[in-house]
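K.L.:
would you be able to build a 3D model of this:
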Amino acid sequence: MADDQRPIIIIKRIKKGGHGHHGGAWKVAYADFVTAMMAFFLLLWLLNSVTVEQKEGIANYFAPTSVSSSTSGAGGILGGQSMSEIQAMKSDSQPIIMPTDTIEGIDSEEALEEENTRGSNAEGAGVADKKLQELQQELRAKETKDFENVQKEIKKAMESDPALAMLSQNLIMEITKEGLRIQLIDQDKRPMFETGGITPLPHTKAILQKVSEVISKLPNEIAVAGHTDSTPYAGQGYTNWELSADRANAVRKEIEENGVSAKRIASVAGKADREPLLKDAPDSALNRRVSVTLLYTDLMKKRLQREAPAAPIKDGVFRQ
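P.N.:
The predicted structure is shown next:
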């Protein structure tokens, strides 16, 4: 009987599972945070790059007043206007002008093209034109300094050569609105060409060699012009026009043989006696001369030529 009253012990074993998966929700939240930070820093960079005028343009573009100022109809943002009217107003609004890099290299054509592509409206065109004018002024100042150095080098080269030192009076250099003008001038007893001839004399070739050595270092284009005095040419069928043009062409050949690139020659002209050096003495020997001019770089003219639309072709004829 005592054994039948012993309590029964039941052991219940509970089988516990392993740890559950943590999930990837935190990765999504972290990715959203990184994206938001990137957008924030990008916004800060844009605000730092945009000028005050551009910020005002952006503000005006997104201002509610640019949508509608009418209080008719519902009096809300649309103001009783249709969506077609709103789209038409948006098309007339001022476009956003994004910032571009500051022009630093004044000899860069790519920088010039970048300035030319700023905005199609009146304000954008005005900003681009102002930048072009500033760039042209910087170029003019830089080239003027280069021309002054050329004058000094040519003068030094003439003085260092005893054979050419006495010919310094036959050489006149001046900076004009067109560029650096180097003139080889006849003297009463020391001409640059034979009377009525077009071949430079030996001392003329020596001067042109010194001049060519210096101007070959610069990239500027060159204009060559010949001049005569008012005395008519004695030959039949040959005038001062042909004589001045042939002398200018002879000088052009001479400087090319001395190392000046033929691609830099912009023009060769004969002007006869129409531009005398001494207007009060048109028959003076000083009026017989040949000028070699280093031209200023005219970026504005080049820009207008590149942007000019092609002329239409009608009936197979190219028309302006």
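K.L.:
C-alpha from now on. contacts and neighbour counts both.
P.N.:
Noted.
K.L.:
how about Arg274: what's its closest non-neighbour residue?
P.N.:
Closest residue to Arg274 apart from its sequence neighbours, by C-alpha to C-alpha, 6 or more residues apart in numbering: His227 at 7.9 Å.
K.L.:
give me the pLDDT for the one you found.
P.N.:
As predicted, His227 sits at a pLDDT of 96.
K.L.:
in the sheet, who's paired with it?
P.N.:
Arg289 (DSSP bridges).
K.L.:
quick check: it vs Leu278, distance?
P.N.:
To Leu278, His227 is 12 Å away according to C-alpha to C-alpha, to the nearest Å.
K.L.:
shared neighbours of the two, which are they?
P.N.:
Shared contacts of His227 and Leu278, defined by C-alpha atoms under 8 Å, 6 or more residues apart in numbering, comprise Asn287.
K.L.:
more neighbours: these two, which one.
P.N.:
His227 (28 against 13; other C-alpha atoms under 10 Å).
K.L.:
so who does the more buried one touch?
P.N.:
Counted by C-alpha under 8 Å, 6+ apart, His227 has contacts Ser244, Gly270, Lys271, Ala272, Asp273, Arg274, Glu275, Pro276, Asn287, Arg288, Arg289, Val290.
K.L.:
Val290 now?
P.N.:
With C-alpha under 8 Å, 6+ apart, Val290 has these contacts: Gln183, Leu184, Ile185, Val224, Ala225, Gly226, His227, Arg247, Ala248, Val251.
K.L.:
mark which of the contacts of His227 are buried, thanks.
P.N.:
Neighbour-count burial (16 or more other C-alpha atoms under 10 Å) applied to these gives Ser244, Gly270, Lys271, Ala272, Asp273, Pro276, Asn287, Arg288, Arg289, Val290.
K.L.:
between these, which sits nearest Lys145?
P.N.:
Val290 (23.9 Å; C-alpha to C-alpha).
K.L.:
look up how far Lys155 lies from that closest one.
P.N.:
Distance of Val290 to Lys155, computed by C-alpha to C-alpha: 18 Å.
K.L.:
repeat for His203
P.N.:
In terms of C-alpha to C-alpha, His203 sits 16 Å off from Lys155.
K.L.:
picking up where we left off before, in strands only, show me the buried ones among the contacts of His227.
P.N.:
Of the positions in the buried ones among the contacts of His227, Gly270, Arg289, Val290 sit in strands, assigned by DSSP state E.
K.L.:
can I get the residues you listed in JSON lines with distance to Leu218 and pLDDT?
P.N.:
Output for those, formatted as JSON lines (distance: C-alpha to C-alpha, whole Å; pLDDT from 0 to 100):
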{"residue": "Gly270", "distance to Leu218": "25", "pLDDT": "96"}
{"residue": "Arg289", "distance to Leu218": "23", "pLDDT": "95"}
{"residue": "Val290", "distance to Leu218": "20", "pLDDT": "97"}
